[in-house]
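>>> This is a predicted model, with the sequence first.
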Amino acid sequence: MRSIFFRNGVVYALDSSKLPYRESWLRLTNARQVASAIRKMQIRGAPLIGVAAAYGLALEALRYRGSDVEKLRNRVLKASEELRLARPTGRNLGWAIDRCLQAVREEETVSGLRRRLLEEANSIADEDVETNLKIARNGLELVRDGDRILTHCNTGGLGTVEYGTALGIIRLAWEKGRRISVLATETRPLLQGARLTAWELKKYGVPFKLICDSMAGYVMSRGMVDKVLVGADRILVTGHVANKIGTLTLAVLAKHYNVPFYVAAPLSTFDLTTKPEDIPIEERDSVEVTHFLSRLITVEGVEVINPAFDITPPELISGIVTEKGVIQPPYETNIPKAFSEKGR
Ligand code: MRU
């Protein structure tokens with residue numbers, strides 16, 4: 001099942017914020033609604049955010065009733081600015097928008113531009129599914145029969161169009177008959193692990209146990225984890241990986257307990273120009289930390305920090321699974337190579 005699709009002028013997206021209680025679908029008809037759904041994390045996961053933004057631009061073009069191509073271009077450009085700011089850390093958002101804006105520059109008629117933006121959004125969505133399947137196949141080489149894999153946040157079909165990245169590897173390994181099991185971290189503050197990864201793993205029939213984030217040290221110290229497998233929101237040429245808050249803690253623990261730590265992501269998550277200190281880390285509303293199911297769980301007026309992501313340095317990462325294969329250290333040499341190699 002695809003978590004986003006276009007039908008008759010409307011983009012339908014599965015509302016992640018309602019899971020696991022309800023499978024409800026958002027009905028989106030303009031870029032502003034798409035940007036709002038991304039900000040509220042009804043649509044989340046770096047690759048899915050990129051796809052949604054591309055559909056947002058297509059919707060904006062389809063809504064235009066005039067005949068002036070310049071006006072249409074400006075309208076799409078304006079929408080792209082709002083979408084770009086919706087969530088700053090993930091690279092796929094900017095990557096997808098830049099790709100659509102290239103199409104905007106190339107098309108010279110209103111009808112051409114409308115058609116092209118929808119084609120581009122559909123292609124980005126289709127490629128996401130193909131890419132994830134390649135990542136899953138490439139990641140299989142890392143998974144042994146009997147492996148107990150710890151994963152963080154949600155990197156499955158709910159954070160992508162379909163199948164997922166790190167969770168896609170887990171799913172394929174299970175489908176191929178490897179008797180693996182998963183430890184899923186709940187992923188505070190918004191519980192993507194407890195709400196979404198658990199929902200997916202249950203659906204696929206993969207054996208798993210849910211743990212609080214703070215139990216990661218305990219399970220690793222007791223030899224209960226054979227490898228850690230997580231996704232990414234932005235990967236730099238240096239091998240620095242921005243991912244869901246808590247990833248860095250897991251990587252430090254994994255190093256300490258000699259547990260291999262792998263990252264899985266498509267090349268559209270890579271950013272070959274930004275420096276680690278310049279990665280924009282999204283700071284979210286303090287209510288996400290102070291409240292649980294809409295109820296205050298701390299003292300009134302408490303000060304909070306709520307960064308949505310952290311950055312794991314390359315020396316803690318054993319390998320990065322992409323659609324081009326598993327990239328090994330040294331990353332600064334091997335990441336550019338993955339971009340220059342022809343597809344496998
Ligand atoms: O804040 P989220 O839920 O959008 O964060 C998601 C993650 O950190 C994922 O690991 C990443 O986006 C990859 S999803 C395939």
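That came through, no problem. Predicted, not measured: the structure shown is a model, and the values here were computed from it.
>>> Write out the residues of the stretch 1-150 of the chain neighbouring the ligand.
44, 45, 46, 47, 90 (Cβ under 6 Å from any ligand atom). (Each C-beta comes from the backbone N, C-alpha and C, glycine too.)
>>> so which of the residues you listed is the most crowded?
Neighbour counts for these peak at residue 47, which has 33 neighbours (criterion: other Cβ atoms under 10 Å).
>>> pLDDT score assigned to it?
Residue 47 is assigned 98 on the pLDDT scale.
>>> quick one: it and residue 128 touch, right?
Yes. Between residue 47 and residue 128 a contact is recorded at 5.4 Å, counting by Cβ atoms under 8 Å.
>>> so what sits against both of these two?
With contacts taken as Cβ atoms under 8 Å, 6 or more residues apart in numbering, residue 47 and residue 128 have 160, 161, 266 as neighbours in common.
>>> quick check, distance from stretch 65-84 to the centre of its chain.
Mean C-alpha position of stretch 65-84 versus that of the full chain (Cα atoms, centre = their mean, to the nearest Å) differs by 26 Å.
>>> Average the pLDDT values over it and round to the nearest integer.
For stretch 65-84, the per-residue pLDDT averages 97.
>>> list the buried ones in it?
The neighbour-count check on stretch 65-84 (16 or more other Cβ atoms under 10 Å) flags 69, 72, 73, 75, 76, 79, 80, 82, 83, 84 as buried.
>>> Could you pull out the helices in the stretch 51-200 of the chain for me?
Remark: helices assigned in the stretch 51-200 of the chain by DSSP state H, counting those that start in this stretch are 69-86, 91-106, 110-139, 166-175, 192, 198-204.
>>> Next, the angle helix 110-139 makes with the fourth one.
Yep, that's helix 166-175 we're talking about. 50 degrees (axes from the mean of the first three to the mean of the last three Cα atoms, to 10 degrees).
>>> near the ligand at all, helix 166-175?
No. Contact check for helix 166-175 against the ligand, using Cβ under 6 Å from any ligand atom: none in range, with a minimum separation of 7.0 Å.
>>> what helices or strands is that helix leaning on?
The contact analysis (3 or more Cβ pairs under 8 Å, 6 or more residues apart in numbering; DSSP states H and E) places helix 166-175 against helix 110-139, strand 148-151, helix 198-204, strand 227-230, strand 261-264.
>>> what do you get if the cut-off is 10 Å, keeping everything else the same?
helix 110-139, strand 148-151, strand 181-185, helix 198-204, strand 227-230, strand 261-264, strand 319-322 (3 or more Cβ pairs under 10 Å, 6 or more residues apart in numbering; DSSP states H and E).
>>> re earlier: mean neighbour count, the helices of the stretch 51-200 of the chain: which tops it?
For the helices of the stretch 51-200 of the chain, the largest average neighbour count (mean count of other Cβ atoms under 10 Å) is found in helix 192, namely a mean of 27.
>>> Can you give the contact residues for that helix?
With contacts defined as Cβ atoms under 10 Å, 6 or more residues apart in numbering, helix 192 is touched by 16, 19, 41, 44-45, 152-156, 158-159, 184-186, 198, 244.
>>> How about the residues of the stretch 201-344 of the chain by the ligand?
231, 232, 233, 243, 244, 308.
>>> okay, and the helix or strand of this protein with the least pLDDT?
Least confident element among the helices and strands of the chain, by mean pLDDT, DSSP states H and E: strand 291-292 (a mean of 94).
>>> List the pairing partners of that strand within its sheet, with orientation.
Paired neighbours of strand 291-292 in the sheet (DSSP bridges): strand 295-296 (antiparallel).
>>> Per the annotation, how does the chain divide into domains?
Using automatic domain parsing, the domain ranges for the chain come out as 4-133, 141-339.
>>> contacting residues for the closest residue to residue 229 other than its chain neighbours?
The shortest distance from residue 229 to any non-neighbouring residue, by Cβ to Cβ, 6 or more residues apart in numbering, is to residue 166 (4.6 Å). The contact partners of residue 166, taken as Cβ under 10 Å, 6+ apart, are 135-136, 139, 149, 151-156, 159, 197, 228-232, 243, 262-265, 321.
>>> Got the confidence number for residue 166?
pLDDT at residue 166 comes out at 98.
>>> Next one: it from residue 132, what distance?
Residue 166 sits 10 Å away from residue 132, going by Cβ to Cβ, to the nearest Å.
>>> Throw the helices and strands packed on helix 166-175 into JSON lines and include distance to residue 101 and mean pLDDT, thanks.
Output for these, formatted as JSON lines (distance: least, Cβ to Cβ, whole Å; pLDDT from 0 to 100):
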{"stretch": "helix 110-139", "distance to residue 101": "10", "mean pLDDT": "98"}
{"stretch": "strand 148-151", "distance to residue 101": "34", "mean pLDDT": "99"}
{"stretch": "strand 181-185", "distance to residue 101": "37", "mean pLDDT": "99"}
{"stretch": "helix 198-204", "distance to residue 101": "33", "mean pLDDT": "98"}
{"stretch": "strand 227-230", "distance to residue 101": "30", "mean pLDDT": "98"}
{"stretch": "strand 261-264", "distance to residue 101": "28", "mean pLDDT": "99"}
{"stretch": "strand 319-322", "distance to residue 101": "24", "mean pLDDT": "98"}
